[in-house]
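Asker: Got a sequence here, can you model it:
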Amino acid sequence: MTRADRLPAWGELQKLRESWSLDLRAAFQQDSARAQRWQFEAAGVRVDLSKNLWDEAVWSGLLRLAEQAEVLAQRDAMLRGEAINNTEGRAVLHTALRAPAGAPTPFNDEVQQALERMLGFAEQVRASGIRDVVHIGIGGSDLGPAMAVQALQADLPPHLRLHFVSNVDGQDLAAVLPQLQPQTTLFIVASKTFTTQETLANAEAAKAWFLAAGGTELARHFAATSSNREAAQAFGIESVFGFWDWVGGRYSLWSVIGLPLAIAIGAERFRALLAGAHAMDRHFAEAPAERNLPVLMGLLDVWYRNFLGFSSRSVAPYHQGLRRLPAYLQQLEMESNGKCVDREGNPLTFATSPVVWGEAGTNGQHAYFQMLHQGTETVPVEFILVRQPRYGFQPPPALAARLADQHRKLLANGIAQAQALMQGKRFDEALGEKAPTANPQLAADALARHRSFPGNRPSSLILLEQLDAHSLGALIALYEHRVFVSGAVWGINSFDQWGVELGKALCSQLLPRLDSGDVHGLDGSTAAALRWVRA
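Answerer: So this is what the prediction gives:
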């Protein structure tokens, strides 16, 4: 496959960009059908892309780029189970994890057997008297389950508490342990190789606490999700749930790594999560490119990164349950597409992954939205709204009315922020306004410049009817496939993460030096840092 920057469509888009400009305010005035034209729906997820900086010419050029980059052929190769992770010689089959029984997908029988065993164990735990589940993992083994449990908090039974420990900093585990009783606690150790330094450090500390607190039957109170059964059993764990090398960490929520989520929400809802993701998989596999949501959003990311020069994207979920989604998406996108060489190892001459960041609305409005509206850089924003709230209990009438009013405020804020980013505020509008808190000594025109907003700043709106297991599965799968599309255009391997390895290797080399104080052969700065922490 020819790399994107060597394709005719890439050059055509570069040439188009030289003379291209778009004012969103004028675009909506001139085209009454713009909003409808750029609205899409798939697997119950509705997406409005009309407030983005593109038009028919850009859209057509990006579709030509996708065709010439053979994005759909690369998609089909992934779904067939070809070893598209070329640096590790592995298939990439997270989609097979959520295919239903009997589907014509690779490894379907093995997947269903592992799923049945995992869900059976989850149901046993839910009925066993366990009150606290402590999940110990890091990276993809932590971010996915932790995010999903928060998102689906309304589905948790009242007797069950989920805790997630990931940081090797002992403060993380120490904050959880005082809340626990050993006889009613289950620890889940999540590590594919059962060698992850941070995870094993926390697991050993949890084991020490369990035994010191009078815990017995360690095998009943510890489980593992790992492919290294022997190492887990040597630790003292008998309930070990393995998975395959074609399951990448940041795509592992759908596998046995989802065990804490299955315990939290139950087997039926976990299957609904898989069904929602599978529905988005079918859309991605079957919809034509011009109506294919992951394709269009991935192409829009390429347009913003490589032709408009936007270096970051903010995700603003207007739902407290999705407050960890930006962190989850950071790993999904930045670990997947934060690459500087193509599949053959040749240096890239263009930018790849943007910085992905964000915070739950409306909190983010009072933190970083000032920069979004008036800062010197344009940052595309994705607003995620949920039309119908779910609280996990039936509030009494007076409280229900209050909560309904708060939800209306939440939705109005999200829509208003997108509108404000697009519309901005002209100098003459600001000049004609009264600002009660303004310094009366400041000249009116100077104040108006402070209170003007450039506008024409892009955003997307993603709407879910409600945040349940099915819609969450579809939303996550949408993001997964979107990341795949932009990586496919760039010609990179989105499924390895060699950049994570160097720091881990150097840490292993430095650990003995912390004890010995030996700084021989170290650079001056590293040697000084080691001396500081030993002082």
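
Asker: Helices along the stretch 151-300 of the chain, start to end?
Answerer: 170-174, 197-212, 218-221, 229-235, 259-265, 267-286, 293-302 (DSSP state H, counting those that start in this stretch).

Asker: what mean pLDDT does the second one have?
Answerer: The one in question is helix 197-212. Here helix 197-212 scores 97 as its mean pLDDT.

Asker: picking that back up, just send the helices of the stretch 151-300 of the chain back as TSV, with mean neighbour count and distance to R387 too.
Answerer: To be clear about C-beta, it is placed using only N, CA and C from the backbone, and glycine gets the same treatment. TSV is the format used below for the helices of the stretch 151-300 of the chain (neighbours: other CB atoms under 10 Å; distance: least, CB to CB, whole Å):
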stretch	mean neighbour count	distance to R387
helix 170-174	14	35
helix 197-212	18	38
helix 218-221	16	41
helix 229-235	16	43
helix 259-265	27	21
helix 267-286	21	16
helix 293-302	25	18
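
Asker: Now distance to A488 too, for those helices, in TSV please.
Answerer: What follows is those, written out as TSV (distance: least, CB to CB, whole Å):
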stretch	distance to A488
helix 170-174	36
helix 197-212	31
helix 218-221	44
helix 229-235	35
helix 259-265	29
helix 267-286	12
helix 293-302	8
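
Asker: Can you check which of those gets nearest to N363?
Answerer: Minimum separation from N363 across the helices of the stretch 151-300 of the chain (CB to CB) falls at helix 170-174, 22.3 Å.

Asker: Which neighbouring elements make contact with the closest one?
Answerer: Judged by 3 or more CB pairs under 8 Å, 6 or more residues apart in numbering; DSSP states H and E, the packing partners of helix 170-174 are helix 197-212.

Asker: which helices and strands sit right next to the helix it packs on?
Answerer: So helix 197-212, by 3+ CB pairs under 8 Å, 6+ apart, packs with strand 132-136, helix 170-174, strand 185-190, helix 218-221, helix 501-516.

Asker: 7 Å instead?
Answerer: With contacts taken as 3 or more CB pairs under 7 Å, 6 or more residues apart in numbering; DSSP states H and E, helix 197-212 sits against strand 132-136, helix 170-174, strand 185-190.

Asker: And the ones you listed: which comes nearest R534?
Answerer: Shortest separation from R534 across the helices and strands packed on helix 197-212 is recorded for helix 170-174, at 18.4 Å, computed as CB to CB.

Asker: if we can go back for a sec, next, format the helices and strands packed on helix 197-212 as TSV and append mean pLDDT.
Answerer: Listed next are the helices and strands packed on helix 197-212 as TSV, based on pLDDT from 0 to 100:
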stretch	mean pLDDT
strand 132-136	98
helix 170-174	98
strand 185-190	98
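
Asker: where do the helices sit along the stretch 351-500 of the chain?
Answerer: Under DSSP H, counting those that start in this stretch, the stretch 351-500 of the chain gives helices at 369-374, 397-423, 427-431, 444-450, 469-490.

Asker: send the alpha carbons of the last one over as CSV?
Answerer: It refers to helix 469-490. Output of helix 469-490 as CSV, limited to C-alpha atoms (Å, rounded to 0.1, in the frame of the first residue of the first chain):
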residue,chain,number,x,y,z
ALA,A,469,-24.5,-1.1,28.4
HIS,A,470,-25.5,-1.3,24.7
SER,A,471,-24.9,2.3,23.9
LEU,A,472,-21.6,2.4,25.8
GLY,A,473,-20.4,-0.6,23.8
ALA,A,474,-21.4,1.1,20.5
LEU,A,475,-19.7,4.4,21.6
ILE,A,476,-16.4,2.7,22.5
ALA,A,477,-16.4,0.7,19.2
LEU,A,478,-17.0,3.9,17.3
TYR,A,479,-13.9,5.4,18.7
GLU,A,480,-11.9,2.3,18.2
HIS,A,481,-12.7,2.1,14.5
ARG,A,482,-12.2,5.8,14.0
VAL,A,483,-8.6,5.5,15.4
PHE,A,484,-8.1,2.6,13.0
VAL,A,485,-9.2,4.7,10.0
SER,A,486,-6.8,7.6,10.7
GLY,A,487,-3.9,5.1,11.3
ALA,A,488,-4.8,3.3,8.1
VAL,A,489,-4.6,6.6,6.1
TRP,A,490,-1.3,7.4,7.7
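
Asker: I'm done for today, thanks for sticking with me.
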